[in-house]
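Visitor: attaching a predicted model along with its sequence, questions to come.
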Amino acid sequence: MRGGLVLDQEASLAALAARLSPHRGSVAVVVTAPDVLVDGFCLSRCGLHASATSAAGSAPTARGAGAAPATRGRGRFAYVWVGNSAEQCPGECAWPFHQPTYGPQAPPLVAPNADVGMDGVVINLATLLAGAVTNPYGGGYFQGPSEAPLEAVTACTGAFGKGAYPGYPGQLPVDAATGASYNAVGVAGRRFLLPAMWDPKTSQCSTLV
């Protein structure tokens, strides 16, 4: 979504997600452009996943991942919102492709698609999709209190390769031509950096490389 708008996290985002005509078992995704302001963006989060219920003719009612599960019904759906932080807070939401706002000040990595904002979106989208799939309505898989759950990927924040620790993303392949760091190769050879995910079998964060 583009256009210098100001959105609140609940009603506006749930309404936008509802316009994608989601159905049960699907996850609606909303990505906002760098010039769209969302309440709470950068201050407390880089995106969110939540669920909403929308009866015919009524506005959707949003529920965060930590909220009590909503009543099941035809209009219930999960959604994800991620913001492009290129202009607002790349040091918070596009690390490790931008110098971090706080903490260790190691040099940033080169973004694999030469777009710090969108390569950051890919990381946050992967994080939130994993949470939406494993804990869509607040009663799924997570650690800690339901009000502030550690989910499949947020339990491994900042880890992308082996040997990662706070301020260091881990050992990663580097493109010889561009110097960009990545750990996943997609359609048409496009390269991306994806976060580690918690492995319940080993009780450790599992990385792609």
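Guide: That came through, no problem.
Visitor: so which residues of the chain form strands?
Guide: Using DSSP state E, the strands of the chain run over 6-7, 27-32, 37-38, 47-53, 61-64, 76-83, 184-185, 191-192, 197-199, 204-206.
Visitor: relative to Met118, which of the ones you listed is closest?
Guide: strand 27-32 (8.9 Å; Cβ to Cβ). All C-beta spots, glycine's among them, are computed from the backbone N, C-alpha and C.
Visitor: need the strands of the chain in a markdown table with mean pLDDT, can you?
Guide: Listed next are the strands of the chain as a markdown table, based on pLDDT from 0 to 100:
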| stretch | mean pLDDT |
| --- | --- |
| strand 6-7 | 56 |
| strand 27-32 | 94 |
| strand 37-38 | 88 |
| strand 47-53 | 91 |
| strand 61-64 | 54 |
| strand 76-83 | 92 |
| strand 184-185 | 98 |
| strand 191-192 | 98 |
| strand 197-199 | 97 |
| strand 204-206 | 97 |
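Visitor: out of those strands, which is closest to Ala18?
Guide: strand 47-53 (6.6 Å).
Visitor: and the strands of the chain as a markdown table, adding mean neighbour count and distance to Val122?
Guide: As requested, those are exported to a markdown table (neighbours: other Cβ atoms under 10 Å; distance: least, Cβ to Cβ, whole Å):
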| stretch | mean neighbour count | distance to Val122 |
| --- | --- | --- |
| strand 6-7 | 14 | 21 |
| strand 27-32 | 20 | 10 |
| strand 37-38 | 18 | 18 |
| strand 47-53 | 24 | 11 |
| strand 61-64 | 19 | 23 |
| strand 76-83 | 25 | 9 |
| strand 184-185 | 14 | 9 |
| strand 191-192 | 18 | 5 |
| strand 197-199 | 18 | 15 |
| strand 204-206 | 15 | 18 |
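Visitor: what about the protein, any weak spots by pLDDT?
Guide: For the chain, residues meeting the criterion pLDDT under 70 lie at 1-11, 54-74.
Visitor: who are the contact partners of the spatially most central residue of it?
Guide: Residue closest to the average C-alpha location in the chain (Cα atoms, centre = their mean): Asn124, at 2.7 Å. Residues in contact with Asn124 (Cβ atoms under 8 Å, 6 or more residues apart in numbering) are Cys46, Gly47, Val82, Cys93.
Visitor: including distance to Leu128, could these go into CSV?
Guide: Conversion of the contacts of Asn124 to CSV gives the following (distance: Cβ to Cβ, whole Å):
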residue, distance to Leu128
Cys46, 9
Gly47, 5
Val82, 6
Cys93, 12
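Visitor: return the member of the residues you listed nearest to Ala14.
Guide: Using Cβ to Cβ, Gly47 comes nearest to Ala14 of these, at 14.0 Å.
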